[in-house]
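Asks: Fold the following for me, if possible:
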Amino acid sequence: MKTNSSVTNTTIDAKQLAQQTVFSILFTISFTHFINDLLQAVIPAVYPIIKTKFHLSFTEIGLITLTYQLTASILQPFIGFYTDRKPRPYSLSIAMVFTMLGLAAVAVASSFTNILLAVSLIGIGSSIFHPEASRVAHMASGGKRGLAQSIFQLGGNAGSAIGPLLAAIIVVPYGQFNIIWFCIAAVLGIVILSGIAKWYQEHLALKAKNKSAVTEEIHHSLSRQKVIFSLGILLVLIFSKYFYMASMTSYYTFYLIDKFQLSVQESQIYLFAFMGAVAAGTLFGGALGDRFGRKYIIWISILGVAPFTLLLPYASLFWTGILSVLIGLIISSAFSAILVYATELVPGKVGLIAGLFFGLAFGMGGLGSAVLGKLADTTSIEYVFKVCAFLPLIGILTTFLPNIEGKKKIKN
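Replies: The predicted structure follows:
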């Protein structure tokens, strides 16, 4: 009787774990995402300093972003695929170690080549962190996957917003070496991620004891070809979103300095406002996707931002600030919805899908930065923003995505 009672209790615990949203874990993993992306955002924030110190062209600035983001994008799907089969909870702390080493290397880099090697370490850290951290958010979601992914993404986007502001205070006035101070935040991240890893291990152990725990899955009747076609559309939408985002994160400060003669620190404040809007939009996007349907949020986020991007290159400084905030709010709401929609197209492959989409996001950001840097060298920064303004029109492809939501089945 004791044995039966023990099995029953284990089953109940596993079912409760599957159905309960663990907000403490969601906000903790979101905070570590905040630290991770804050540290990574320091690099583009100090581009004006690096460009001047090492006499770099815009093309070379683009190559720095390409190196970092290509390193992350290539590795992420493979790491996600591997950890779907063999989860590695403590790999989260290892990821932060790589990021810390990369930051330290950037702080002491004495050449363009050394900078490329240093940012590749940061890319490796990112490639390890995102698939496994996304899995933690998925595990703690309790079925509210859009909300969970938004909370997770909120931390990252908030870090990307705060990073340039802190860089403007800590690094810009005092020089490149002061990047080293950000390693303190990396140490804090390592400690917190070690705690999350313990919860992750316990969750896996409980799940292994009762493999029949209730899980909520999307079941659809789409053919393999339709699923692949739909994933292709989502990847194209990621391309449009992150190619445009590359113009903002890598070149918005240069655009403001060139067109409105702002100082480096003043331009960082505008970048902070844009990235802050991105953070806020991310939170709303996932929750609204859970409520109204992810396809509609994707549609509004990508295509709906087009009027504002088309106006931006012709606006005054005041309206440039206003439009950039509106663009950040709207365009950022797509990623959580896209990622959760993709995991529902291919259930049971959270690590692979997260690695693929985060990887593509980084890859498109890096490629976009390199291509746009070359375009800026041959034309002008202002011309780059005029060209990129048309990218959100690609959002019209959302029309071809199938409606898969509302077809949920409880699996016992």
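
Asks: When you work out contacts or count neighbours from here on, use the C-alpha atoms and nothing else.
Replies: Will do.

Asks: Can you tell me which helices and strands whichever helix or strand Thr282 is part of packs against?
Replies: Element membership of Thr282, judged by DSSP states H and E, is helix 264-292. Judged by 3 or more C-alpha pairs under 8 Å, 6 or more residues apart in numbering; DSSP states H and E, the packing partners of helix 264-292 are helix 145-170, helix 224-260, helix 294-303, helix 317-331, helix 334-345.

Asks: That helix versus helix 145-170: what angle between them?
Replies: Orientation check (axes from the mean of the first three to the mean of the last three C-alpha atoms, to 10 degrees): helix 264-292 against helix 145-170 gives 170 degrees.

Asks: what about helix 264-292, distance to the chain center?
Replies: When distances are taken as C-alpha atoms, centre = their mean, to the nearest Å, helix 264-292 is centred 12 Å away from the chain's centroid.

Asks: So for it, mean pLDDT?
Replies: Helix 264-292 shows a mean pLDDT of 81.

Asks: what does stretch 21-39 give?
Replies: Averaging pLDDT along stretch 21-39 gives 91.

Asks: same question, stretch 350-367
Replies: Stretch 350-367 carries an average pLDDT of 74.

Asks: ok, residues contacting it?
Replies: Applying C-alpha atoms under 8 Å, 6 or more residues apart in numbering, the external contacts of stretch 350-367 come out as 62-63, 65-70, 72-84, 127, 130-132, 134-135, 138, 235, 238-239, 242-243, 245-246, 339, 342-343, 346.

Asks: Repeat the analysis, applying 7 Å as the threshold.
Replies: Contacts to stretch 350-367, defined as C-alpha atoms under 7 Å, 6 or more residues apart in numbering, come from residues 65-66, 69-70, 72-74, 76-77, 79-81, 83-84, 130-132, 134-135, 238-239, 242-243, 245-246, 339, 342-343.

Asks: Can you give me the buried ones in that stretch?
Replies: Buried positions in stretch 350-367, judged by neighbour count with 16 or more other C-alpha atoms under 10 Å: 350-367.

Asks: One more: stretch 376-393?
Replies: 376, 381-385, 388-393.

Asks: Can you give me the end-to-end span of stretch 342-355?
Replies: Its first and final residues considered, stretch 342-355 spans 12 Å by C-alpha to C-alpha, to the nearest Å.

Asks: chain center to that stretch, what's the gap?
Replies: On the basis of C-alpha atoms, centre = their mean, stretch 342-355 is displaced by 16 Å from the centre of the chain it belongs to.

Asks: Then stretch 112-123?
Replies: How far stretch 112-123 lies from its chain's middle: 20 Å, per C-alpha atoms, centre = their mean.
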